[in-house]
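In: Turn this into a structure:
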Amino acid sequence: MLVAHTPLPPPNFFGQGGCALAIGNFDGVHGGHAVLLEQLVQLANLQQLPAVVLTFEPHPLALLKPELAPIPLTTLNRKIELLAARGIAGVWAYPTTPDFLNLSAADFFQRLVVEQLAARVLVEGPNFYFGKDRFGDVRLLGQLCAAANIELCVVPPQAVAGELISSTVVRNLLSRGDVAAARRLLTAPYQISGQVTLGAQRGTGLGFPTANLTRIATLIPAAGVYAGLAKIGPQTLAAAIHIGPNPTFGETRPKFEVHVLDWSGNLYDQELTVTFLCQLRGVRTFANVTELRQQLQVDIARTREAAATELRG
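Out: You can find the predicted model right below:
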């Protein structure tokens, strides 16, 4: 996988003979993206070209209308990982700047698609817009591609149960805590990474030590208790995840806590990646510590069961 995260990748970075190209944010890399990427890879292979994705970092709305910018589903590194898993050979993460956002649709096409990437094939969805004020649409793109002798393939949107798959739909599901439904729309289970910092250490006193995750750059699912996985070095272990406050102890500040099953090492100051499998329950207030401890034992047993099914494949 070749990755460029500069305004201008080196000459011929993605192939001297040009490339097959898809442009978009690809946030979450969901099932709709997967169909488009599959078409891109097929056309790339037919013409013996590298399949390349041009994406933007950060999302353009983060500059244009920060209050409307969606919380990302994936970090750039995770997005690249998911794109590579779909057969993408190269990713150009273009740094979003005011100058870039002021490019006209024609300049956007000429500078990036024609001159910089020498695209010979372009694959997009029907709702693709480009250039200043989103002036360029698929109709204009078709005209520009025809004039530049670039093959254009427009892939129809994908739906599940009559609802179009989109990053917005995935965000809504995660915001309700339905990580299992979100997974059905994504190409991989939802993942979050953060830095382990020192917490209140109540979990240790209860016999269930937790890693307190902070500096999370992506969307955090709704408050609740989840079964998941944690990756520690080469190991992938079952993990019970608690998101939200601890009302039993009178806390109102939300936290992100991970109890890694069968692990006793020190994780402080390390980056920890967790994968969500399913929601077990909501956040509850327990009458006493004994009742809480009993519920945690149930949560861990259910987490172990869900993780075992996942790890068996």
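In: what's the longest helix in the protein?
Out: The single longest helix within the chain, with elements called by DSSP state H, is helix 289-312.
In: CA atoms of that one as PDB?
Out: The C-alpha trace of helix 289-312 is given here as PDB (Å, rounded to 0.1, in the frame of the first residue of the first chain):
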ATOM      1  CA  VAL A 289     -21.200  -2.900  45.300                       C
ATOM      2  CA  THR A 290     -22.200  -6.500  45.700                       C
ATOM      3  CA  GLU A 291     -25.000  -6.200  43.200                       C
ATOM      4  CA  LEU A 292     -22.600  -4.400  40.800                       C
ATOM      5  CA  ARG A 293     -20.000  -7.100  41.200                       C
ATOM      6  CA  GLN A 294     -22.600  -9.800  40.400                       C
ATOM      7  CA  GLN A 295     -23.700  -7.900  37.300                       C
ATOM      8  CA  LEU A 296     -20.100  -7.500  36.100                       C
ATOM      9  CA  GLN A 297     -19.600 -11.200  36.400                       C
ATOM     10  CA  VAL A 298     -22.600 -11.700  34.100                       C
ATOM     11  CA  ASP A 299     -21.300  -9.000  31.700                       C
ATOM     12  CA  ILE A 300     -17.900 -10.700  31.500                       C
ATOM     13  CA  ALA A 301     -19.400 -14.200  30.900                       C
ATOM     14  CA  ARG A 302     -21.400 -12.800  28.000                       C
ATOM     15  CA  THR A 303     -18.400 -11.000  26.700                       C
ATOM     16  CA  ARG A 304     -16.300 -14.100  26.800                       C
ATOM     17  CA  GLU A 305     -19.000 -16.000  24.800                       C
ATOM     18  CA  ALA A 306     -19.400 -13.300  22.200                       C
ATOM     19  CA  ALA A 307     -15.600 -12.900  21.800                       C
ATOM     20  CA  ALA A 308     -15.100 -16.700  21.500                       C
ATOM     21  CA  THR A 309     -17.600 -16.800  18.600                       C
ATOM     22  CA  GLU A 310     -15.800 -14.000  16.900                       C
ATOM     23  CA  LEU A 311     -12.300 -15.400  17.400                       C
ATOM     24  CA  ARG A 312     -13.400 -18.800  16.100                       C
END
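In: Which positions in whichever strand or helix holds Ile243 come out as buried?
Out: Assigning secondary structure by DSSP states H and E places Ile243 in strand 235-244. Of all the residues in strand 235-244, those buried under the rule 16 or more other CB atoms under 10 Å are 238-244. Quick note: C-beta positions are derived from backbone N, CA and C, even for glycine.
In: In TSV, list the residues you listed along with pLDDT and distance to Leu144.
Out: Output for these, formatted as TSV (pLDDT from 0 to 100; distance: CB to CB, whole Å):
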residue	pLDDT	distance to Leu144
Ala238	97	51
Ala239	97	48
Ala240	97	52
Ile241	97	47
His242	97	51
Ile243	97	46
Gly244	96	49
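In: Can you lay out those as CSV showing distance to Leu186?
Out: Converted to CSV, the buried residues of strand 235-244 look like this (distance: CB to CB, whole Å):
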residue, distance to Leu186
Ala238, 20
Ala239, 19
Ala240, 21
Ile241, 17
His242, 22
Ile243, 18
Gly244, 23
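In: For the closest residue to Gly24 other than its chain neighbours, give its distance to Met1.
Out: Computed as CB to CB, 6 or more residues apart in numbering, the closest residue to Gly24 that is not its neighbour in sequence is Thr55, at 6.5 Å. Note on Thr55: its distance to Met1, by CB to CB, to the nearest Å, is 13 Å.
In: higher neighbour count, these two?
Out: Higher neighbour count among Thr55 and Met1: Thr55, with 21 against 11, using other CB atoms under 10 Å.
In: Tell me the bridge partners for the more buried one.
Out: For Thr55, the beta-bridge partners are Ala93 (DSSP bridges).
In: now the angle from the strand holding Ile243 to helix 289-312?
Out: Here strand 235-244 runs at an angle of 140 degrees relative to helix 289-312 (axes from the mean of the first three to the mean of the last three CA atoms, to 10 degrees).
In: Before I go, just wanted to say thanks for your time.
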